Structure formats: C-alpha cells, structure tokens
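>>> any chance you could fold what I've pasted below:
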Amino acid sequence: MSRRRSPARRRTSRRSRRQQQAEARAITYTVVTGVAIAAFVAVVNWIGDHLWVFLIALVIGGAVMGHWLYQRRQRAEWEKVRARSLRYAMSQLDALHHREFEYAIRDLMKRDGCADAVQVGGTGDNGADVKATDPFGRRWVIQCKHRRNGLAGSPVGTPDLHVLNGTARQLHGADVVVLVTNGRFTAGCAPLATSQRLHLVDRGLLGDWAASGRPLWDLVRAVPPPGRPTALS
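This is a model prediction of the structure:
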C-alpha cells in the first residue's frame, strides 16, 4: 500500500522549489549585471586608449546631425514657399473627390497663414470638415460641399446650413462659420446665412479665392474684426 506524503512535506517541497527559482533568478541577475559592468568598463577603457577615434566619431556624428537639421529646415522653408504659391483652377477643384476637396480647402487656409489648419471631415464630424485659426486669432470652422458637376449639380440647401449653425459655435468654438461649395446655393440660404452670421462661399467666390492668392477673410463680408495676434501671425 503506497504512502501519501504528509502536508508538511508537500509544503516543504513547494517552498524548496520556490527558493530554488528565486536563487536561480538572483544568480542570473548577478551574472547579467556583472557582464554589463564589465562591458561598460571595457568600453570606457577602450575609449581612454583610443580617444582620437571617439573624437572623430563624435565630429562625424555632429556633422551628420547638423546636415539632417539643415535639410529639415530647408524642406520646411520650401513647404512654406509652396504653400504661399498654391493656386487652384475651378476645373481642378471640380475633378477632386469630395474628401480631396476638403484637403484642398485646408491647404488654401494654410496658404492664407493658418498654420494649424486641419481636415477633420468624416463620420461623426458634427458639421465641420476643416478647422483653422487665422493669424488674428479667429477660429474658422468650414463645411465643404463638393458637387461633381459644379453649377449643374444639386444646390446646397438650408438643411445643411441648419446643421452647421447648430454645431460650429457650440461644439467647435467657431468665430467664423463658413459653408463652401464648388456649386451653388438655394435661394433660401443667403437670408438664413445673414440672420445667423454664417458665410457662404459659392463657386464664384471660391474661384476668386483659389486663383488669386488673397486670404479668404479679405473676400468674405462681415467677418468679425481681428482679435489679438497669435503665434501664427
């Protein structure tokens, strides 16, 4: 008849295994630490014996880093120049996908000096497709309505204005609220926009803005007066 191990012996056995595992981990940690220290000491001694090699590597590394920073500044300056010279013809805007149209409007705002202009349109955008802060501190919220057929496409109606009016200031903190289209607006949009301090950019105004290089706030009427200049000025 086999004998069962007593609970005390089982606890002693388990405790012994845990101790062995702990001791193994301690030994491993000690060995790894020792190797790391030895490697560090060896590297320090090598550098001390070959200081000229270390200095040359340092100079080369500094030169590479300096060149990289210079190239980065050059690319940033080129992007500013490219943005300032950005122009669109209406035929180009008509040919865009509606999402690309939003990015084009973002780029035009950047060209005008809104360095933080961002495309935010998509599912759950709450009526905003582009948001930007102009150099005078005014917050712009823009909804974009692209029509593949331009003026021949369906007009933008007052329901779109109601949606934008209900979210732009309350949810997005807009100072200037704009609805822009490469098409046209229904007759009821203009009086509604005037009463609610909304700004309509139709095909004609969009063409002037995209092709002229003038900032949108110079073309849109009744824009709030400039506030305090910001870091974007």
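
>>> next structured bit after the helix or strand bottoming out on mean pLDDT in the chain?
None of the helices or strands of the chain scores lower by mean pLDDT, DSSP states H and E than helix 51-84, at a mean of 67. Sequence order places helix 90-94 as the next helix or strand after helix 51-84, per DSSP states H and E.

>>> and that next one, what does it pack onto?
Helix 90-94 is packed against helix 203-212, with contacts defined by 3 or more Cβ pairs under 8 Å, 6 or more residues apart in numbering; DSSP states H and E. (C-beta placed from N, C-alpha, C; glycine too.)

>>> can you give me the buried ones in the helix or strand following the helix it packs on?
Per DSSP H and E, the first helix or strand lying C-terminal to helix 203-212 is helix 216-219. Residues of helix 216-219 classed as buried by neighbour count (16 or more other Cβ atoms under 10 Å): L216, W217.

>>> could you chop this structure up by domain?
Split into domains by automatic domain parsing, the chain comes to 7-82, 87-219.

>>> tell me the gap between the last one and the middle of its chain.
Relative to its parent chain, domain 87-219 has a centroid offset of 19 Å by Cα atoms, centre = their mean, to the nearest Å.

>>> so for that domain, first residue to last residue, what's the gap.
16 Å (Cα to Cα, to the nearest Å).

>>> hmm, back to that, lowest average pLDDT across the domains of the chain?
If those are sorted by mean pLDDT, domain 7-82 sits at the bottom with a mean of 75.

>>> ok, back up a step: deepest-packed of the domains of the chain, please.
Ranked by mean neighbour count under mean count of other Cβ atoms under 10 Å, the domains of the chain are led by domain 87-219, which reaches a mean of 18.

>>> and of the domains of the chain, who's closest to P226?
Closest approach to P226 among the domains of the chain (Cβ to Cβ): domain 87-219, 3.4 Å.

>>> quick one, strands of this structure?
Applying DSSP state E to the chain gives strands spanning 118-119, 130-133, 139-145, 176-181, 199-201.

>>> ok, for A193, nearest residue in space, not its chain neighbours?
Leaving aside its chain neighbours, A193 sits nearest to L200 (5.1 Å; criterion: Cβ to Cβ, 6 or more residues apart in numbering).

>>> tell me what the one you found is bridged to.
Using DSSP bridges, the bridge partners assigned to L200 are L179.

>>> that one reaches T186, doesn't it?
No - L200 is not in contact with T186 according to Cβ atoms under 8 Å; the separation is 10.8 Å.

>>> got the phi and psi for R214?
phi -80, psi 140 (degrees, to the nearest 10).

>>> contact partners for it?
Listed by Cβ atoms under 8 Å, 6 or more residues apart in numbering, the contact partners of R214 are D208.

>>> and it, how far is that from R138?
Counting by Cβ to Cβ, to the nearest Å, the gap from R214 to R138 is 16 Å.

>>> excluding sequence neighbours, find me the nearest residue to the residue most central in space within the chain.
Against the mean C-alpha coordinate of the chain, by Cα atoms, centre = their mean, the closest residue is V118 at 6.6 Å. Among residues not flanking V118 along the chain, K131 sits closest, at 5.7 Å (Cβ to Cβ, 6+ apart).

>>> that neighbour contacts H172, doesn't it?
Yes - between K131 and H172 there is a contact at 6.3 Å, judged by Cβ under 8 Å.

>>> kindly list the longest helix within this structure.
Determined from DSSP state H, the single longest helix within the chain is helix 7-49.

>>> how close does R169 get to D175?
Going from R169 to D175 by Cβ to Cβ gives 8 Å.

>>> oh, that last question was meant for A210, not what I typed.
23 Å.
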